[in-house]
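In: sequence plus the predicted model coming up.
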Amino acid sequence: MSGQAAKPIAKARSVALWLSRALLWIVLVLAQPGLALAHASLVSSDPVADAVLAVAPATLTLTFSDEVSPLVVRIIGSDGRAIEFGNIARRGPTLILTPPQPLQGGSYLLSWRVMSEDGHPVGGSFGFSIGAGAVAAPQLVRSIAFALQAAIWTVQLIIDIGLFVGIGGAFFAAWLQPKNFRGARGVSVTACVAALLAVGVAIGLQGLDALDAPASALVTSAVWSAGLRGSFGWSTTAAAAGLVLGLVSLWRPGTAARAAAVAAMLCVGATLALSGHAASATPRALASTAVFLHGVSLAFWIGALWPLYQAMNAPGEAALPTLRRFSNAIPWAVASLLGSGVALTLIELPRPDALWRSDYGRVLMIKLALVLILLAIAAGNRAWLTPRIARGGDKPRRLLRRSIVVELALVAIILGVVGLWRFTPPPAAIAAARQPPLTTEIRTDRVLAQVNVAAAAGGVEITVALTTPDKHPFAAQALIVTLARPELQIEPITAQARRGDDGRWRATLTTRLPGRWVLGLGILVDDFDKLSLEAQLELP
């Protein structure tokens, strides 16, 4: 075998070895028990864990770092009998549990499983006793289902390939590729069809994870109902709609194909923005917009790679118009990709050291390293290979095809690495869960404001209960909440509070700066009457 013929084989072996090592690393990471975390955490409970109560409580409460939806909440007695809670009320991030029948003396284990706002389930349990001399509470052993986690990761990777390669390729075919280049469309069709099938599987796996159920429960409607619940259901719906539109775009010609391709790309952005980190990150609007732009930009870039590879096989100068159009458009996509990525990093990482001190940060560093390599290759292609291809010759085309193969391999690794975020909560969410809420009261002769300040991802959530000094309800039309640091010349952070069904007012303010703040409450009683209250708060 000649030296020239051996070079491509050696490069192919090198890429295969690289992919094998990356896959092994991902499998090892998935096997770590510490990755069985979700993005909402229990911050307090009543009763507290291991409490010994003199009398049975009429209600039990669970307070989380973010708002959650209950999936399965049950209480297990020392005799092993389990009672499921049917009457569960929600007040912001707090679940209020009413036992279906009065609890008797003895020891109990409270087991809960809830869905966080980002679409990820989380569960836990703790024991408590009623009366002196109660026997030990039963123990609930949870095993970490590596097979389920691996299946979730694999199915999500297939869906991501459908979104980026399938829909991105359909967009490229509709807007940038001449009609006579049809060879690359088969890959996009295959990716879309495979991803559509994977969406159905993903709903079932999500239901199993949500209910902590065995695989045999896939035949029950409860699993599929749980899989479609919350933001994950909206996200999978958007993904399925986008994949169908992508197939329509690949099938229909002309204007219809372009319209379907644009709609499909919008569905890509919506799929990513409706669930995951963006669904619960603060500020919500900025995080969702950044994820949307990130996804659409990535789909444009990744979707173009295989069609460009196929175009380089075209004779003569037939592929040059397509290459020029892509070369002119890609800088805008890369700028959007980088800008949105920086915004998301700042939102999810409260401190620089979180990059190497958290699982989320370590995954991010690996992704950033791979993306930098990808960007370097893409920049070299645009600056060096594209002009040479325009001047003619087969060698630059061969080099570009090899470069695209390397880019596709890098993209596959990046998507696999990003899939690990399904199992790693952002540091901002962890910090929010670890910080206990602060409480204070502001009293005047007309109103009593009971204030609760809890950490939230990206800032603090302030809950205000307004009553008269003798604890009767106080009617207000609106409430403005502000935080100020006059000594640092920081302009006041202001938010319009929203009144919940429980009568409490809630507002989320974005600040990660610890220290003493001035809390201001502007209470609009009516069109002619406004009360202003202030208090000092020490934020951790």
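Out: Perfect, I can see it now. Residues are numbered from 1 along each chain as shown.
In: what about the stretch 351-500 of the chain, any weak spots by pLDDT?
Out: Counting by pLDDT under 70, the stretch 351-500 of the chain shows low-confidence ranges at 425-437, 455-459, 489-490.
In: tell me where it has strands.
Out: Secondary structure of the stretch 351-500 of the chain by DSSP state E, counting those that start in this stretch: the strands cover 438-443, 448-456, 459-467, 478-485, 490-496, 498-499.
In: poorly predicted segments of the stretch 151-300 of the chain, please.
Out: Scanning the stretch 151-300 of the chain for pLDDT under 70 picks out 178-183, 277-281.
In: apply 80 and report the result again.
Out: Within the stretch 151-300 of the chain, the stretches with pLDDT under 80 are 178-184, 276-284.
In: quick one, domains of the protein?
Out: Domains of the chain are assigned by automatic domain parsing as 42-130, 147-429, 436-539.
In: quick check: the nearest residue to Leu375 once chain neighbours are set aside vs Leu305, distance?
Out: Nearest residue to Leu375, sequence neighbours excluded (Cβ to Cβ, 6 or more residues apart in numbering): Val334, at 7.0 Å. C-beta here means a position set from N, CA and C on the backbone, and glycine is covered the same way. Separation of Val334 from Leu305 (Cβ to Cβ, to the nearest Å): 14 Å.
In: I'd guessed Val187 sits against Val165; true?
Out: Yes: assessed by Cβ atoms under 8 Å, Val187 is found in contact with Val165 at 6.8 Å.
In: more neighbours: which of these two?
Out: Between Val187 and Val165, counted using other Cβ atoms under 10 Å, Val165 has the larger neighbour count: 27 against 16.
In: the more buried one and Ala174, how far apart?
Out: Distance of Val165 to Ala174, given as Cβ to Cβ: 15 Å.
In: if we can go back for a sec, burial of the residue nearest to Leu375, as a residue count?
Out: A total of 19 residues lie near Val334 under the criterion other Cβ under 10 Å.
In: report the secondary structure state of Thr282.
Out: coil (DSSP: H, G, I helix; E, B strand; the rest coil).
In: now do Arg324
Out: Arg324 - assigned by three-state DSSP - is helix.
In: just Leu109 next, same as before
Out: strand.
In: show me the beta-bridge partners of it.
Out: Following DSSP bridges, Leu109 is listed with bridge partners Ile76, Gly127.
In: how many other residues sit next to it?
Out: Residues contacting Leu109 under the criterion other Cβ under 10 Å number 20.
In: just the pLDDT at it, thanks.
Out: The per-residue pLDDT reported for Leu109 equals 85.
In: wouldn't it be in contact with Ile83 here?
Out: No: applying Cβ under 8 Å, one finds Leu109 not in contact with Ile83, separated by 11.1 Å.
In: what sits up against stretch 234-244?
Out: By Cβ atoms under 8 Å, 6 or more residues apart in numbering, the list of residues contacting stretch 234-244 from outside reads 119, 159, 162-163, 166-167, 192, 195-196, 199, 202-203, 228, 263-268, 270-272, 274-276.
In: which ones among those residues map onto helices?
Out: Counted as lying in helices by DSSP state H, out of those, are 159, 192, 195-196, 199, 202-203, 263-268, 270-272, 274.
In: nearest residue to Trp175 other than its sequence neighbours?
Out: Of all residues not flanking Trp175 in the chain, Arg258 sits nearest, at 6.1 Å (Cβ to Cβ, 6+ apart).
In: brain fart, Val411
Out: Spatially, and ignoring its direct neighbours in sequence, Val411 is nearest to Ile302 (5.4 Å; Cβ to Cβ, 6+ apart).
In: next up, identify which helix or strand the one you found is on.
Out: Per DSSP states H and E, Ile302 falls inside helix 284-311.
In: phi first, then psi, for Arg516.
Out: phi -90, psi 120 (degrees, to the nearest 10).
In: ok, back up a step: so for Lys395, which of the strands of the stretch 351-500 of the chain sits nearest?
Out: The closest of those to Lys395 is strand 459-467. By Cβ to Cβ, the value is 55.3 Å.
In: list the buried residues of the closest one.
Out: Across strand 459-467, burial judged by 16 or more other Cβ atoms under 10 Å covers Gly459, Val460, Glu461, Ile462, Thr463, Val464, Ala465, Leu466.
In: if the fourth one is in a bridge, with which residues?
Out: What that stands for is Ile462. Bridge pairing for Ile462 - DSSP bridges - gives Val453, Ala507.
In: gap between Gly105 and Phe128?
Out: In terms of Cβ to Cβ, Gly105 sits 12 Å off from Phe128.
In: same drill for the two, tell me which one is more crowded.
Out: Ranked by neighbour count (other Cβ under 10 Å), Gly105 and Phe128 place Phe128 first, with 23 against 13.
In: please identify the most buried of the domains of the chain.
Out: Compared across the domains of the chain, domain 147-429 shows the largest average neighbour count, a mean of 19 (mean count of other Cβ atoms under 10 Å).
In: residue contacts, Leu364?
Out: Residues in contact with Leu364 (Cβ under 8 Å, 6+ apart) are Thr345, Leu349, Leu355.
In: again, only this time at 7 Å
Out: The neighbours of Leu364, taking Cβ atoms under 7 Å, 6 or more residues apart in numbering as the test, are Thr345, Leu355.
In: so where do the helices sit in the stretch 51-200 of the chain?
Out: Assigned by DSSP state H, counting those that start in this stretch, the stretch 51-200 of the chain shows helices spanning 146-161, 168-175, 185-211.
In: what would the ones you listed look like in JSON lines with distance to Thr510?
Out: Compiled in JSON lines, the helices of the stretch 51-200 of the chain are given as follows (distance: least, Cβ to Cβ, whole Å):
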{"stretch": "helix 146-161", "distance to Thr510": "30"}
{"stretch": "helix 168-175", "distance to Thr510": "33"}
{"stretch": "helix 185-211", "distance to Thr510": "30"}
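In: so which of those helices comes closest to Met365?
Out: Evaluated with Cβ to Cβ, the helices of the stretch 51-200 of the chain place helix 146-161 nearest to Met365, the distance being 19.1 Å.
In: how near is Ser327 to Ser188?
Out: Distance of Ser327 to Ser188, given as Cβ to Cβ: 21 Å.
In: could you do Ala49 as well?
Out: Noted for Ala49: a distance of 52 Å to Ser188, by Cβ to Cβ.
In: re earlier: which residues do Val187 and Val165 both contact?
Out: Counting by Cβ under 7 Å, 6+ apart, the residues touching both Val187 and Val165 are Trp306.
In: surely Gly416 touches Thr154?
Out: No: using Cβ atoms under 7 Å, Gly416 is not in contact with Thr154; the gap is 9.3 Å.
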